[in-house]
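Asks: A predicted structure for the sequence below; I have some questions about it.
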Amino acid sequence: METLNIFVKSIFIDNMVFAYFLGMCSYLAVSKNVKTAMGLGLAVTFVLAITLPVNYLLENFVLKAGALSWLGEGFANVDLSFLSFIMFIAVIASMVQLVEMVVEKFAPALYASLGIFLPLIAVNCAILGGSLFMQEKAFPNIIQATAYGVGSGLGWLLAIVGIAAIREKLTYSDIPAPLKGLGITFIVTGLMGIAFMSFLGIKL
């Protein structure tokens, strides 16, 4: 039950876009149509689903204080936590490279439409944020860490697909000139964030 709570909460309450405003660069740039937004959202979800459990294992069996005690008593006091950022980013970059190669091979049209934003997933703050939040929350097992990663990815996917669908409709709407483009996108994003949290009875 706790794993399910973590999963649902990471989608709706701790949403990377609406609660923390992480990953906004690609969120704004790639949300002009639903198809492209869906492709990037699935890629982000995959990267989060893979990198969080890997980084969880790194954190708990290599990096944090005492994590290397399984190698023997001489390693019980070793603390490599200062390497967390470097190691997390290395794992993320490796997974993003894998995703980029797969998309280029099997979906060249999507690869072309995503352009530079696909490799830039490696520096998407939502991806690194997921690993850092995982570290902060100190999940007791890898299953909960994976649930958090998948939920965070799905939350980001819902956010970017939702705004892409709205932006497609807004193209045909009579919007005042000063609000066209990013102006109305920011307003809608804020309203969606309030709706997400208030829907579940979260007090703002």
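Replies: Yes, it's here.
Asks: Would you mind finding the longest helix in the chain?
Replies: With DSSP state H setting the assignment, residue counts place helix 142-170 as the longest helix in the chain.
Asks: Okay, buried residues for the next helix or strand after that helix please.
Replies: Once the chain leaves helix 142-170, the next helix or strand it forms, by DSSP states H and E, is helix 182-199. Judged by neighbour count (16 or more other CB atoms under 10 Å), helix 182-199 contains these buried residues: 184, 185, 189, 192, 193, 196, 197. For the C-beta atoms, the positions are set from N, CA and C on the backbone; glycine is no exception.
Asks: The longest helix of the chain: how far from the chain's middle?
Replies: When C-alpha coordinates are averaged (CA atoms, centre = their mean, to the nearest Å), helix 142-170 and its chain have centres 8 Å apart.
Asks: Same check on stretch 82-95?
Replies: Counting by CA atoms, centre = their mean, stretch 82-95 is centred 15 Å from the centre of its parent chain.
Asks: pLDDT averaged over it - what is it?
Replies: For stretch 82-95, mean pLDDT is 92.
Asks: Same check on stretch 62-74?
Replies: 89.
Asks: first to last residue in it, what's the distance?
Replies: 14 Å (CA to CA, to the nearest Å).
Asks: Not counting it itself, show me its contacts.
Replies: Contacts with stretch 62-74, where a contact means CB atoms under 8 Å, 6 or more residues apart in numbering, come from 59-61, 75-81, 83-84, 87.
Asks: switch to 10 Å and redo it
Replies: 55, 57-61, 75-84, 86-88, 135, 138 (CB atoms under 10 Å, 6 or more residues apart in numbering).
Asks: Give the buried residues for stretch 152-166.
Replies: For stretch 152-166, a neighbour-count test (16+ other CB under 10 Å) marks 152-164, 166 as buried.
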